[in-house]
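S.K.: Here you go, sequence then predicted model.
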Amino acid sequence: MADHPDHRVTDSPAADPLSDERALQELRALLLSEEQKQILGLQQRLDDPEQRSRETSAVVAEAIRLRREQGGEGALRDALAPSVQEALRESIRKDSSILAEVLFPVMGPAIRKSVAEYIRAMLESFNKALESSLSLQGLKWRLEAIRTGRPYAEVALLRSLLYRVEQVFVIHRKTSLLLLHAVGSDVAAQDADMVSGMLSAIQDFVRDSFQAAQGEVLDSLQVGDLRVWVEQGPHATLAAVIRGEAPQAYRLQMRETLEELHRRYGAELEGFEGDAAVFESFRPDLTDCLVARYSKKERKPRPYFVVLLLVLIGVLVGWQLWGFLQARKWRAFVDVLRQEPGIVVTGLGEHGGVFQIHGLRDPLAIDPRVLAEIVGLDSQRTEFQWQAFYSFDDAMVLRRARQILRPPETAILAVERGTLRVAGESTPEWAEQLRMRGPAIPGVIALDDRNLNNPDVLLRRKAMLESSAILFDTGSWEFNADQRPRVIQLLVPLRSLIQTANASRVQIEIDLVGHSDSTGPEMTNAPLSEARARKVMQELMQAGIDGRYLRARGAGTGEPVRQEETTSDRQYNRSVTFRVNLNSRPK
């Protein structure tokens, strides 16, 4: 077999990566050299803060104008306000005279307007206080005011007032902030912070305008009869607004007050940073500077004026007393009404002298007009507006049960927390009627007739009562705080026992036996035990238990309830117990 000829393939030259990269860079340099120079220049501008600030400052004014024209004035104001306020605050803190120099053209007119407005308001206030005067002197002053064309208040002040300090300011010298301000009760005062600022500004104005020497200050200024006296201290200024001619002795009082302020609050004044609350305790001392002096003239009392004054006082006192008594009766009536079962008061009022009461009333509740007569109110001057409802108070449920069931005299009804309990004796027909109609009575939750026609009911109630005891503290015949409710709890079984005994024709006597423990002599224990028994008897009788069935006696230590072996035994011997005596009545 002949061999095939060899077919040889010649490989191309291998590509050189380095030469390709160099070629690419040369091509990039030829195509993008200008743009690369511009990008480099932009990067240098962005990285140079000084260059960036110069370029921004050239367009910031134009940017603000364009922003305002585009409707962004509110956003621009909100953005700039904090910086402007902080810059202004820092400038004033460093040198307040700069602000005084800027405000100089408007300071004078503003001060004059403020003082004039203050004087006008004060005169109006004083005029209102004196217009109702009917004295002869007041009439003379009013005629003089008409004749001269001057305000009546101004004439009255000129004729009666020597001087009066109407306002006192304490101002911090360094910050010109108000520390304290006292003003008379009948003075119409302006904004205290504004006035104190004006006073500080006036001081700076006078000092800067007249090149006052170091330590020299404006100590007074005057507008008509209104004067402002100023006393300077190391850290605070005291300014007093005075009407009339005050004596120079008042300046001594101002100096002493200012010295006392620096003595008590020296450190606080030197380190003051805007919180004036620390100086409030000095207010009474500052108030003492509000003094006034009036001219005194001897006047003879006029009998007719004195009589008229006494009559007016009598009428006023009588009217006030009558109103007080009526209000007292009204409050007593409302309190009684709210405690009455079956009545709920929801609204009170008075119109045209007629008392008005709104609320809910059970048909079986007492007539409120009867209660009004009891407390002494005129029922014709009392208007009631009641909405009918069924009250679930035990007392009202019991009344409702008696009205519906009409129990015989030998049957006893009681309601305790919605449970109708029936005891005693009745006919079988009435008992059947009770079981049918009793649970349907509004307010009755359950019916308990186990003690109806039960011969052992008297013995069980007798045993329950005789096992009860009312405890007392050592040496006391008054109830403990927890024993009075115990007496109230015994009222229902006690009434039931008496009623059941009467229905069963059994005579009943209940002895209340007082006891005492073995501590102390018998000569004090015996009367103490009797006092305890009488206290319980008194409480039961006040709660409605017929006293004919009760007898109180003291046993002292002669009839101990327990042998005194423990503290608890001794406690039970300081008590009142019950002894029930049952005897059949002769037929």
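M.R.: In hand now; what should we look at?

S.K.: and the helix or strand harbouring residue 230, how far from the chain's centre?
M.R.: Element membership for residue 230 (DSSP states H and E) is strand 226-232. Distance of strand 226-232 from its chain centroid, counting by C-alpha atoms, centre = their mean, to the nearest Å, is 41 Å.

S.K.: And for stretch 235-250?
M.R.: That offset, for stretch 235-250, works out to 39 Å (C-alpha atoms, centre = their mean).

S.K.: Please identify the buried residues of it?
M.R.: Within stretch 235-250, the residues that count as buried by 16 or more other C-beta atoms under 10 Å are 235, 236, 237, 238, 239, 240, 241, 242, 243, 244, 246, 250. (C-beta placed from N, C-alpha, C; glycine too.)

S.K.: Look up how far residue 536 lies from residue 254.
M.R.: Separation of residue 254 from residue 536 (C-beta to C-beta, to the nearest Å) stands at 73 Å.

S.K.: if you count what's nearby, which of the two comes out ahead?
M.R.: residue 536 (25 against 19; other C-beta atoms under 10 Å).

S.K.: what's that one in contact with, if anything?
M.R.: Contact partners of residue 536, counting by C-beta atoms under 8 Å, 6 or more residues apart in numbering, are 470, 487, 512, 514, 552, 576.

S.K.: mind checking the SS state of it?
M.R.: Classification of residue 536 using DSSP: H, G, I helix; E, B strand; the rest coil returns helix.

S.K.: Count the neighbours of the closest residue in space to it that isn't next to it in sequence for me.
M.R.: Nearest non-adjacent residue to residue 536, counting by C-beta to C-beta, 6 or more residues apart in numbering: residue 576, 4.7 Å away. If you count neighbours by other C-beta under 10 Å, residue 576 ends up with 27.

S.K.: How about the secondary structure of residue 576?
M.R.: Of the three states, residue 576 takes strand according to three-state DSSP.

S.K.: Make a markdown table from the contacts of residue 536 and add distance to residue 498, secondary structure and pLDDT to it.
M.R.: Formatted as a markdown table, the contacts of residue 536 follow (distance: C-beta to C-beta, whole Å; DSSP: H, G, I helix; E, B strand; the rest coil; pLDDT from 0 to 100):
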| residue | distance to residue 498 | secondary structure | pLDDT |
| --- | --- | --- | --- |
| 470 | 18 | strand | 89 |
| 487 | 16 | helix | 86 |
| 512 | 14 | strand | 93 |
| 514 | 21 | strand | 93 |
| 552 | 16 | strand | 93 |
| 576 | 18 | strand | 92 |
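
S.K.: now, which of those residues sits nearest residue 55?
M.R.: Comparing the contacts of residue 536 against residue 55 with C-beta to C-beta places residue 487 closest, at 97.9 Å.

S.K.: Name all residues that make contact with that closest one.
M.R.: With contact set as C-beta under 8 Å, 6+ apart, residue 487 has these partners: 470, 479, 536, 539, 540, 543.

S.K.: Let me have these in TSV, extended by distance to residue 272.
M.R.: Converted to TSV, those look like this (distance: C-beta to C-beta, whole Å):
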residue	distance to residue 272
470	69
479	62
536	71
539	68
540	73
543	69
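
S.K.: In ChimeraX, select just the buried ones from these.
M.R.: Only the buried entries of the contacts of residue 487 go into this ChimeraX selection, using 16+ other C-beta under 10 Å:
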select :470,479,536,539,540
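
S.K.: Any idea which of the contacts of residue 487 the model trusts least?
M.R.: Least confident entry in the contacts of residue 487, by pLDDT: residue 479, with 81.

S.K.: who does that residue bridge with?
M.R.: residue 472 (DSSP bridges).

S.K.: care to break the chain down by domain?
M.R.: 97-294, 305-388, 395-584 (automatic domain parsing).

S.K.: what's the closest non-adjacent residue to residue 283?
M.R.: Take residue 283 and drop its neighbours on the chain: the residue closest to it by C-beta to C-beta, 6+ apart is residue 180, 6.2 Å away.

S.K.: show me the residues around that neighbour that make contact.
M.R.: Residues in contact with residue 180, defined by C-beta under 8 Å, 6+ apart, are 169, 170, 276, 279, 280, 282, 283, 286.

S.K.: Extract the residue ranges of the stretch 251-400 of the chain that are flagged as low pLDDT.
M.R.: By pLDDT under 70, the low-scoring segments of the stretch 251-400 of the chain are 295-305, 353, 375, 379.

S.K.: Try it again at 50.
M.R.: Along the stretch 251-400 of the chain, segments meeting pLDDT under 50 span 298, 301.
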